[in-house]
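>>> Okay, sequence plus prediction incoming.
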Amino acid sequence: MPVQNQRSKWSLELGSIANIPIRIHTTFFLLLAWLVLMTDSPSPMLEGLFVVSVFVCVLLHELGHAIMGKWWGVQTKNITLYPFGGIAAITSQPSPKGELFIAISGPLVNILIAALLYPWVNLPSAESISTTPISFVARLFLTNIGLALFNLLPALPMDGGRVLRALLSLLKVRRPTFFAARISQGICILLGLAGLYLDQPMLFVIAFIIFFGAMQEHVRAETSSLAIAFTVSDVFVPKERLETMSHGTTISKGLRTALTSLQPLYPVMNGDELMGVVFREDLLEHAATRADDYIGEILTRSLPRLEASLSLADAISKLEEENSNVAVVTRGGQYVGLLVADRLADFLLLQELRQNLPKDDDIEWSTPQ
């Protein structure tokens, strides 16, 4: 499943394939241990090997997305394996045609794996299926067929939902993500009702997760469409309006400043040079135990840098890519202020209200300062 996503701090890096870092979420090991301990199989280790084999197939599925994405000029930052599947974190949104090919490539990999396994598959007959155990290879074959069909479900953020959105875009349908998301949520409601009727709680949980995934896709698309008309210079906070702290300030002194200010973060300066930012919550966290330390010890130094003329849509993508809620804004390479995610969200919310509410000559719209 290709998404614009950030790295989780709970993921471990296993290595890289085709220069794409491969990570595994630590909860995967909990799932593996639980399945091995709770299985009724006479060979728990074989059950564990089956789970690992399934996740290798999931990894190949995500690599299918990544390789096809590279063909269409979309880079993959990393692939992370979770207990519920895999996620390929891409750095940009592909064209509709590119999204169609990238989305379909993952399920096609599973179909290819199933085709390669088929000569060794020996499924029991319908009469003996309840008494004859299914072989390891047959289970893996059926699992890959299931993975392909499940991912082709026409519901965002599944691959099938992305195929649906791409087709709507190619057919010149306005707001394709909106319609794809609504179709997705309708499908999820049916899945959830089926889960309740069939007494299958896992089906209900899956429907719930996909429902909100579709909602997030819709929100992201609406945000991008609003942001594309603006630049960073429309939203950032100029350095002249920011209260700053000196690099030699202690945490206790910084806390006193923070308690009398409404700023959530403070630029830390060494003369005219920006060293980084310190967050109010970090000052509060460390004030009791490290009051005499310098704020440089709790400084966030690695921040994305954005040119003031950059499109706001590109700025949002950069913040997501860097997993940051603040960026240094520059003009001609010189520090001129900060772009803060909370302010950005307020700005976009105001623009949405401006578009959707009826015009009123008595209302004066202004950007939040």
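Yes, it's here.
>>> Poorly predicted segments of the stretch 51-200 of the chain, please.
Under the criterion of pLDDT under 70, the regions of the stretch 51-200 of the chain flagged as low confidence span 84, 124-132.
>>> Rounded mean pLDDT for the host helix or strand of Ile24, please.
Element membership for Ile24 (DSSP states H and E) is strand 20-25. When the per-residue pLDDT values of strand 20-25 are averaged, the result is 86.
>>> With stretch 230-241 instead?
Mean pLDDT, computed over stretch 230-241, is 92.
>>> OK, contacts around Leu12?
For Leu12, the contacting residues are 23-26, by CB atoms under 8 Å, 6 or more residues apart in numbering. Every residue, glycine included, has its C-beta placed from N, CA and C.
>>> for it, helix, strand, or coil?
Following DSSP: H, G, I helix; E, B strand; the rest coil, Leu12 is assigned to strand.
>>> Would you verify that Val277 is located in a helix?
No - the assignment for Val277, made by three-state DSSP, is strand rather than a helix.
>>> beta partners for it?
When assigned by DSSP bridges, Val277 has beta-bridge partners Pro267, Thr300.
>>> From the contacts of Leu12, pick the one nearest Ala181.
Proximity of the contacts of Leu12 to Ala181, judged by CB to CB, is greatest for His25, which lies at 25.9 Å.
>>> ok, back up a step: which strands border the strand holding Ile24, and is each parallel or antiparallel?
strand 11-17 (antiparallel), strand 76-82 (parallel).
>>> Which residue ranges of the chain form helices?
Applying DSSP state H to the chain gives helices spanning 27-38, 44-71, 96-117, 136-151, 159-170, 176-197, 201-227, 251-259, 280-286, 312-322, 341-356.
>>> Could you dump these into a markdown table and include mean neighbour count and distance to Leu12?
Listed next are the helices of the chain as a markdown table, based on neighbours: other CB atoms under 10 Å; distance: least, CB to CB, whole Å:
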| stretch | mean neighbour count | distance to Leu12 |
| --- | --- | --- |
| helix 27-38 | 14 | 9 |
| helix 44-71 | 18 | 14 |
| helix 96-117 | 19 | 23 |
| helix 136-151 | 18 | 23 |
| helix 159-170 | 22 | 26 |
| helix 176-197 | 18 | 31 |
| helix 201-227 | 17 | 23 |
| helix 251-259 | 18 | 32 |
| helix 280-286 | 17 | 26 |
| helix 312-322 | 19 | 21 |
| helix 341-356 | 14 | 27 |
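>>> Among those helices, which comes closest to Arg241?
Each of the helices of the chain was scored for nearness to Arg241 using CB to CB, and the closest is helix 341-356 (11.4 Å).
>>> buried stuff in the strand holding Ile24?
With burial defined by 16 or more other CB atoms under 10 Å, the residues of strand 20-25 counted as buried are 20-25.
>>> Between which two of those residues is the distance greatest?
Largest separation among these by CB to CB: Ile20 and His25, giving 16.4 Å.
>>> ok so, going back, redo the contacts of Leu12 as TSV? Include distance to Val235.
Shown next, in TSV, are those (distance: CB to CB, whole Å):
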residue	distance to Val235
Arg23	32
Ile24	37
His25	33
Thr26	36
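>>> Of those, just say which sits nearest to Ile206.
When the contacts of Leu12 are compared for distance to Ile206, the smallest value, 17.8 Å, is given by His25; criterion: CB to CB.
>>> Relative to Leu147, how far out is the closest one?
Between His25 and Leu147 the distance, using CB to CB, to the nearest Å, works out to 18 Å.
>>> do Tyr266 as well
49 Å.
>>> Would you quantify the distance from Lys97 to Ser169?
From Lys97 across to Ser169, the span is 9 Å (CB to CB).
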